[in-house]
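Undergrad: Got a sequence here, can you model it:
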Amino acid sequence: MKGVKLAELTYEEAQEWINEDSIVLLPLGGGSKEHGRHLPMGTDMYLCNCLTDRVTERFPVVTLPTLAYEHFPAFIEWEGSIHIQADHYINLVKEIIISFINHGVRKFLLLDFSFSAYFPLVTVANEINNHYHGAKVAITRTGGLGGEAKKLMESKQDGHAGEVETSMMLFAQPQLVHTDRYDEEYRQDIPGVTVDGVQHIYVSNRMETPHGVNGNPFLGTAEKGEALVNAMVDDIVRFLEVFQKTPVDQY
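TA: Here you go, the predicted model:
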């Protein structure tokens, strides 16, 4: 059974889907954030929608419109990049969730393709858990999804607008990728932050490479992008199958 997009339903149709057995999916992907010279400002939104559409086709979630204004502290100096301060962002997402809690919904999945919003989203999940007993908010860790497909990646260091995002966009929105404008460049971490590919310490930073890229987009391919999208969707659907059956008040 597939899900529905709430924006496409009438009010009467929505009533049939919104209840204590529902899982409400809120997609989070910024629609205005620099992604180098080769990817559009809406990359996070496009890729979030790509994943969301496929999850909705495979699982009976109630999918909300994508929240396209995000928490992006590392990009405040790049023209056109919209950043919502953490306290405002937390309150906004909480209000969206509470709107459905008031109508009996108990389970939520935040499909986060914003990366830097993860920390305020954890605060949202914890505050909902503490103040609305019997409601549970789950959050995707996009960097951890699609593990098997990520073995196809060739980059030793990949991040913003690099091999992964470029590959996914070549699959999802190839007409928006400027393949003649690739830049390979890398953001430097403080030594010791990451050791043998594992992050040991978190240090706040800004995107300070010349063209706003952290990785090698030259290695991106549509085939890798398709594999990544499919593997990420598989991971999300597997979780939803368990989440649907799990009594939230046990955790």
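Undergrad: And the strands in the protein, which stretches?
TA: Applying DSSP state E to the chain gives strands spanning 4-5, 23-28, 62-63, 107-112, 136-139, 194-195, 198-199.
Undergrad: okay if I get these as JSON lines plus mean pLDDT?
TA: Converted to JSON lines, the strands of the chain look like this (pLDDT from 0 to 100):
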{"stretch": "strand 4-5", "mean pLDDT": "98"}
{"stretch": "strand 23-28", "mean pLDDT": "98"}
{"stretch": "strand 62-63", "mean pLDDT": "98"}
{"stretch": "strand 107-112", "mean pLDDT": "97"}
{"stretch": "strand 136-139", "mean pLDDT": "97"}
{"stretch": "strand 194-195", "mean pLDDT": "81"}
{"stretch": "strand 198-199", "mean pLDDT": "78"}
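Undergrad: Any chance of a markdown table for these, columns distance to Gln15 and mean neighbour count?
TA: Backbone N, C-alpha and C define where each C-beta goes, glycine included. Putting the strands of the chain into a markdown table (distance: least, Cβ to Cβ, whole Å; neighbours: other Cβ atoms under 10 Å) gives the following:
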| stretch | distance to Gln15 | mean neighbour count |
| --- | --- | --- |
| strand 4-5 | 12 | 16 |
| strand 23-28 | 14 | 24 |
| strand 62-63 | 11 | 22 |
| strand 107-112 | 18 | 24 |
| strand 136-139 | 23 | 20 |
| strand 194-195 | 49 | 12 |
| strand 198-199 | 45 | 8 |
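Undergrad: how about TSV for these, with distance to Met153 added?
TA: Shown next, in TSV, are the strands of the chain (distance: least, Cβ to Cβ, whole Å):
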stretch	distance to Met153
strand 4-5	31
strand 23-28	23
strand 62-63	28
strand 107-112	20
strand 136-139	23
strand 194-195	16
strand 198-199	16
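Undergrad: Sketch out the low-pLDDT regions of the stretch 101-250 of the chain for me.
TA: In the predicted model of the stretch 101-250 of the chain, residues 197, 250 satisfy pLDDT under 70.
Undergrad: returning to that earlier point: looking at the strands of the chain, which is nearest to Glu95?
TA: Among the strands of the chain, the nearest to Glu95 by Cβ to Cβ is strand 23-28 (11.5 Å).
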